[in-house]
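Student: Below is the sequence, then the predicted model.
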Amino acid sequence: MAAKNGIFPTFFLSGFECSTFDWKDRGRRDMAAELRHYAHADEDYAMLPSLGIAVAREGIPWPLVDKGNGEFDFSCIQPFLAAQRRHGVLPIWDLCHYGYPDGLDPYSDAFPKRFAAYARAAARHVAEHAHHGPLCFTPINEPTFWGYMGGEWGWCAPFGKTADARRRFTLALARADIAAVQAIREDFPEARMVHIDPLIWVVPPRDRPDLAEEAHREAYEDAYIAWDVISGLKNPELGGSPEVIDILGFNNYSFGQMEYGGGGKPNTPLESGDPRIRPVCDLLEEAWAKYRRPCIIAETSGLHGGRPDWLRDMMCEALAAVNRGVDLHGICLFPAVDMTDWHTGEWLHMGIADVEELSTGALMRRPFPPYVEELHRWQRRLNRIETADENPYDSPVDLQDIINAARDLQLQPDPDWH
């Protein structure tokens, strides 16, 4: 059977936490610095090829590199570029991960113009210093979720507190995203774009059937505000199209299935075993079918000792979705290295590698063996490499291997995930 080329050199991907939000009670934060990722870049990237992973999501901190007046300083990402070259890892660059420069009004006409100028400069810089292609970007990470964080919950700038502010902010982010894609492709028409937002499901409380309409709207309309604009399904005057949205990235965590709380604050995650939980396969199929673009699961992970079980469940759901025709090109185990809770600072123990804080203050990375073993088990099932060679880019993933495995295993969707 003829090969069906995927987009990426490996089916399993990973990535690093890179938020740069203006946080409610802390001011400007740089999570890559807090997690010592700049200092540990070589170590962090060296781990990936040893796991059969040759693609990683990485961030460029817009608020830190944009000095204003069209001047940019990309020196902070030099450790990332050097590590990517040394270890043969293809980056998907997040150009805006929850943060924009101080003093910039996200609702102004200046916002998309400044973001487009920065995106063009960033693309030129990484193209000049990268060791291979293709160029891959996520212009604005999770614009719909950021809309909630910054527009309705007041966690980060612009600190909105209403549903109207959230929708307005999300639309502003989508507008800037389109402008950035257009700017990058003027120089690099073959650049790929990965547009990422959470995969969610929202239900009304059992004792509040009157909230069913609001829950349905959040699950089927508000969850797709940004993508509808970027894809051109809505507000086509802003320039969105299927080619602009390009690759869909679905982030899936256990807290993505929720009970509607009435707005103004995060919804309540459904507990494991709740009969209102839907199989992730169903959610993947529904979201993919709306846009029919190639897709990846762009972030997923369990917590603590549940990480191997979570990966097993996600693989079953993903392969069941492939059997339904979903054009799945990869699964990103995120993060590669553990991260802390934004609110409490506690380690989440959700990475491929845990972090141990030594008495010296150093943050030692330790891969979690059961998670790594489960990853390798699935790589063998899918006929994928368990260790990347020096040139993993000589051939893309043969998606026919994934399709064949999905057909042979005949895994069934199951709402009872761990």
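Tutor: Here it is on my side, so go on. Numbers count the residues shown, from 1 in each chain.
Student: what ranges do the helices span in the stretch 1-150 of the chain?
Tutor: Using DSSP state H, counting those that start in this stretch, the helices found in the stretch 1-150 of the chain span residues 31-34, 41-50, 62-65, 78-87, 110-129, 143-151.
Student: List the contacts of L363.
Tutor: L35, R36, H40, V355, E356, E357 (C-beta atoms under 8 Å, 6 or more residues apart in numbering). (Each C-beta comes from the backbone N, C-alpha and C, glycine too.)
Student: for those residues, which one is nearest D109?
Tutor: Closest approach between these and D109, by C-beta to C-beta: L35, at 35.1 Å.
Student: Tell me if I'm right that the closest one and A353 touch.
Tutor: No. The pair L35 and A353 fails to qualify as a contact (C-beta atoms under 8 Å) at a distance of 11.2 Å.
Student: In the stretch 201-350 of the chain, where is pLDDT below threshold?
Tutor: Under the criterion pLDDT under 70, no range of the stretch 201-350 of the chain is flagged.
Student: the helices in it, which residues?
Tutor: Listed in chain order, the helices of the stretch 201-350 of the chain (DSSP H, counting those that start in this stretch) span 212-220, 225-230, 242-245, 280-291, 307-323.
Student: dump the residue contacts of the nearest residue to W155 once chain neighbours are set aside.
Tutor: Sequence neighbours aside, M149 is the residue nearest to W155 in space, at 4.5 Å (criterion: C-beta to C-beta, 6 or more residues apart in numbering). Contacts for M149 (C-beta under 8 Å, 6+ apart) come out as F21, Y98, W155, C156.
Student: dump the residue contacts of the nearest residue to D341 once chain neighbours are set aside.
Tutor: Nearest residue to D341, sequence neighbours excluded (C-beta to C-beta, 6+ apart): L348, at 5.9 Å. Taking C-beta under 8 Å, 6+ apart as the criterion, L348 is in contact with L303, D338, M339, T340, D341.
Student: Dump the contacts of L363 into JSON lines; add neighbour count as well.
Tutor: Formatted as JSON lines, the contacts of L363 follow (neighbours: other C-beta atoms under 10 Å):
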{"residue": "L35", "neighbour count": "24"}
{"residue": "R36", "neighbour count": "17"}
{"residue": "H40", "neighbour count": "22"}
{"residue": "V355", "neighbour count": "20"}
{"residue": "E356", "neighbour count": "12"}
{"residue": "E357", "neighbour count": "10"}
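Student: which one among those residues gets closest to P143?
Tutor: Closest approach to P143 among these (C-beta to C-beta): L35, at 23.4 Å.
Student: Could you report the distance from that closest one to F255?
Tutor: Per C-beta to C-beta, to the nearest Å, L35 is found 21 Å from F255.
Student: still on that earlier bit, among the helices of the stretch 1-150 of the chain, which comes closest to D389?
Tutor: Closest approach to D389 among these (C-beta to C-beta): helix 41-50, 8.2 Å.
Student: N5: neighbouring residues, count only.
Tutor: Close neighbours of N5, defined as other C-beta atoms under 10 Å, add up to 12.
Student: Revised request: answer the last question for Q400.
Tutor: Q400 has 15 nearby residues by other C-beta under 10 Å.
Student: how near is it to G6?
Tutor: Taken as C-beta to C-beta, the span from Q400 to G6 is 10 Å.
Student: Next: Y100.
Tutor: From Y100 across to G6, the span is 33 Å (C-beta to C-beta).
Student: neighbour count winner among these two?
Tutor: Neighbours per residue (other C-beta under 10 Å) separate Y100 from G6, with Y100 holding more: 25 against 22.
Student: Could you verify my assumption that the more buried one touches L64?
Tutor: No. The criterion here is C-beta under 8 Å, and Y100 misses it with L64 at 11.1 Å.
Student: pLDDT wise, what is W417 at?
Tutor: Per-residue confidence (pLDDT) for W417: 65.
Student: Let me see the contact set for the most centrally placed residue in the chain.
Tutor: Geometric centre of the chain, nearest residue: A298, 4.3 Å, by C-alpha atoms, centre = their mean. Contacts for A298 (C-beta under 8 Å, 6+ apart) come out as R57, V194, I196, G249, F250, N251, C332, F334.
Student: count of neighbours near the closest residue to it other than its chain neighbours?
Tutor: The spatially closest residue to A298, leaving aside those adjacent along the chain, is G249, at 3.0 Å (C-beta to C-beta, 6+ apart). Applying other C-beta under 10 Å, we find 24 residues neighbouring G249.
Student: try S50
Tutor: If you count neighbours by other C-beta under 10 Å, S50 ends up with 13.
Student: I figured it hits T387, correct?
Tutor: Yes. Using C-beta under 8 Å, S50 makes contact with T387 at a distance of 5.9 Å.
Student: returning to that earlier point: okay, and the common contacts of L35 and A353?
Tutor: Common contacts of L35 and A353 (C-beta under 8 Å, 6+ apart): V337, D338.
Student: separation between the residue of the chain most remote from its centre and E356?
Tutor: Most distant from the centre of the chain: D207, at 34.2 Å, with distances by C-alpha atoms, centre = their mean. Here D207 is placed at a distance of 45 Å from E356 (C-beta to C-beta).
Student: try E285
Tutor: 40 Å.
Student: cool, and A321?
Tutor: Distance from A321 to E356, by C-beta to C-beta: 36 Å.
Student: bridging residues for the nearest residue to P134 once chain neighbours are set aside?
Tutor: Nearest non-adjacent residue to P134, counting by C-beta to C-beta, 6+ apart: R192, 5.6 Å away. Taking DSSP bridges as the rule, R192 bridges to C136.
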